[in-house]
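K.L.:
A predicted structure for the sequence below; I have some questions about it.
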Amino acid sequence: MRLHLTDEGPRDSGTPLVLLCSLGSTVDMWAPQREELARERRVVTMDTRGHGGSPVPAGPYTVAELADDVVETLDDLGIGRAAFAGLSLGGAMSQAIALRAPDRVVSLALLCTAARFGNLATFSDRAVKARAEGVEAIAAGVVTRWFTADADEDMVARMQAMIAATPPEGYASCCEAIVGWDSRADLGRISAPTLVISGAEDPATPPADGEVLADGIPGARLEVVPDAAHLASYQRPDVVTGLLAEHLKASS
Ligand SMILES: O=C(O)CCC(=O)CC(=O)O
């Protein structure tokens, strides 16, 4: 599997950064961070299998498969070790890479994610609905969890359109990957310096999920972003980009 990606920034300075996306997102979800972070280092952003410009094989998928896609794509680019930042499903993939290929991981940033997601029945229901009716039928509900009620309407509409454009089989199969994901017993084996970021008002992966990660991963630190829901990096780039830059500077 070779994933669709963007590849920006200087090749010859610092550890490359790999940005991994949430369910229903494309590389565009990292637009608020990419330009600034790519001033200092190479930044590779990947569409997860089943999303954006990446292949859409028939599912279900597992998080391990999604993580292996990323590592194979990095092999293709000739990138050995990298820093990883992933949001939600992308955060689960980042954990899986740290567990399956620890020698590839210089540092980790885990945003709005979990060792075990809550409300798993809703992901199974979404998988059924996506295959039957398309992702458009789900998108309006998803953005109510991504952004706080006072978020800019144009921004919310743009992101709803991005979600609605996700291939149904890709969306559904990634819901199934989330249902099967559970790293709780493995967190102690993650050795990369780790920053955990939660949105204070995230109903999907609340700060309590961030606490489980920060308590379980040796040396990890949790930052809670105020006035942010699930897509904290998109709604509060003024806080999140700085946290990522600081963590990258300190750890890679
Ligand atoms: O965002 C993800 O990658 C998974 C969690 C999710 O779908 C958030 C939500 O809409 O409930």
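P.N.:
Nice, I can see it. Numbers count the residues shown, from 1 in each chain.
K.L.:
for the residue in the stretch 101-250 of the chain that the ligand sits nearest to, what are its contacts?
P.N.:
Each residue of the stretch 101-250 of the chain has a distance to the ligand, by CB to the nearest ligand atom, and the smallest belongs to A204, at 3.6 Å. From N, CA and C alone the C-beta is placed, and that goes for glycine too. Contact partners of A204, counting by CB atoms under 8 Å, 6 or more residues apart in numbering, are 88, 112, 117-119, 145, 229-230.
K.L.:
enumerate the residues of this protein near the ligand.
P.N.:
Contact residues of the chain with respect to the ligand, defined by CB under 6 Å from any ligand atom, are listed as 22-23, 88-89, 142, 145, 178, 204, 230.
K.L.:
counting neighbours, what do you get for T148?
P.N.:
Around T148 sit 19 other residues, with neighbours defined as other CB atoms under 10 Å.
K.L.:
and for A165?
P.N.:
Counted by other CB under 10 Å, the residues lying close to A165 total 15.
K.L.:
surely it is in contact with V135?
P.N.:
Yes. Using CB atoms under 8 Å, A165 is in contact with V135, at 7.5 Å.
K.L.:
now do the SS call for V70.
P.N.:
Assigned by DSSP: H, G, I helix; E, B strand; the rest coil, the conformation of V70 is helix.
K.L.:
check contacts around it.
P.N.:
For V70, the residues meeting the contact criterion (CB under 8 Å, 6+ apart) are 3, 18, 20, 46, 93, 97.
K.L.:
10 Å instead?
P.N.:
V70 makes contact with 1, 3, 5, 18, 20, 44, 46, 48-49, 82, 84, 86, 90, 93-94, 96-97, 101, 104 under the criterion CB atoms under 10 Å, 6 or more residues apart in numbering.
K.L.:
buried subset of those residues as a PyMOL selection?
P.N.:
Buried subset of these, written as a PyMOL selection, criterion 16 or more other CB atoms under 10 Å:
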select buried, resi 3+5+18+20+44+46+48+49+82+84+86+90+93+94+96+97+104
